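need coordinates for the below:
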Amino acid sequence: MNAVRRAWGAISSHGELPFEVWDEDLRVDNMPEWPIRGPYEGHEGLVHWRDDLCEVIENLHFDVREVIKLDDGRVLSIQRATGRAVHTGIEMDVLWASVLTLRNGKIVHAQGYWTPEQAREAAGLSE
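Below you'll find the model as predicted:
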């Protein structure tokens with residue numbers, strides 16, 4: 001679960017991505033209605049994903065609120081994203097979530113959801 005926190009922190013800082021926490025065969029899938037489409041695959045795809053996000057959202061920052069272990073290979077992460085839309089200047093402050101699949105301690109798949117509730121339902125945690 002430390003890999004998940006490190007991954008989000010590095011994306012926020014716009015610095016070097018910690019590829020040691022991302023599997024070489026990774027896949028990133030955004031929410032269907034998200035302006036950044038995808039999918040993004042591999043380490044090169046991860047760089048493109050981060051760069052694409054930064055092209056539409058300036059001062060992007062992720063604050064990990066919670067990481068929940070679902071089973072031996074999956075976690076649910078809830079994060080707050082803040083920033084400003086580049087083209088409209090609209091401030092963004094959203095709580096969203098993702099279900100991450102790990103293999104050998106590395107993130108191999110990330111699936112984004114608009115709300116923590118949607119992610120919980122997708123992960124089989126709905127009430």
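
list the contacts of the helix or strand of the chain with the lowest mean pLDDT.
Lowest by mean pLDDT, DSSP states H and E among the helices and strands of the chain is helix 2-13, with a mean of 74. With contact meaning Cβ atoms under 8 Å, 6 or more residues apart in numbering, helix 2-13 is reached by 16-18, 21-22, 50, 53, 60-64, 67, 75, 77, 79, 100, 102, 105-107. (Glycine included, C-beta is placed from N, CA and C.)

cool, stretch 74-88 as well?
Contacts for stretch 74-88 (Cβ under 8 Å, 6+ apart): 1, 4, 8, 55-70, 90-102, 116, 119-120, 123, 125.

what of stretch 90-103?
3-4, 23, 31, 57, 65, 70, 73-85, 107-116, 118-120, 122-123.

please apply the same query to stretch 17-29.
In contact with stretch 17-29 (Cβ under 8 Å, 6+ apart) are residues 3-4, 6-7, 10-11, 38-43, 45-47, 49-50, 103-112.

any idea what D29 is bridged to?
On the basis of DSSP bridges, D29 is bridged to Q111.

what score does it have for pLDDT?
pLDDT recorded at D29 is 94.

go on, the one 10 residues further on?
Residue-level confidence at P39 comes out at 94, pLDDT.
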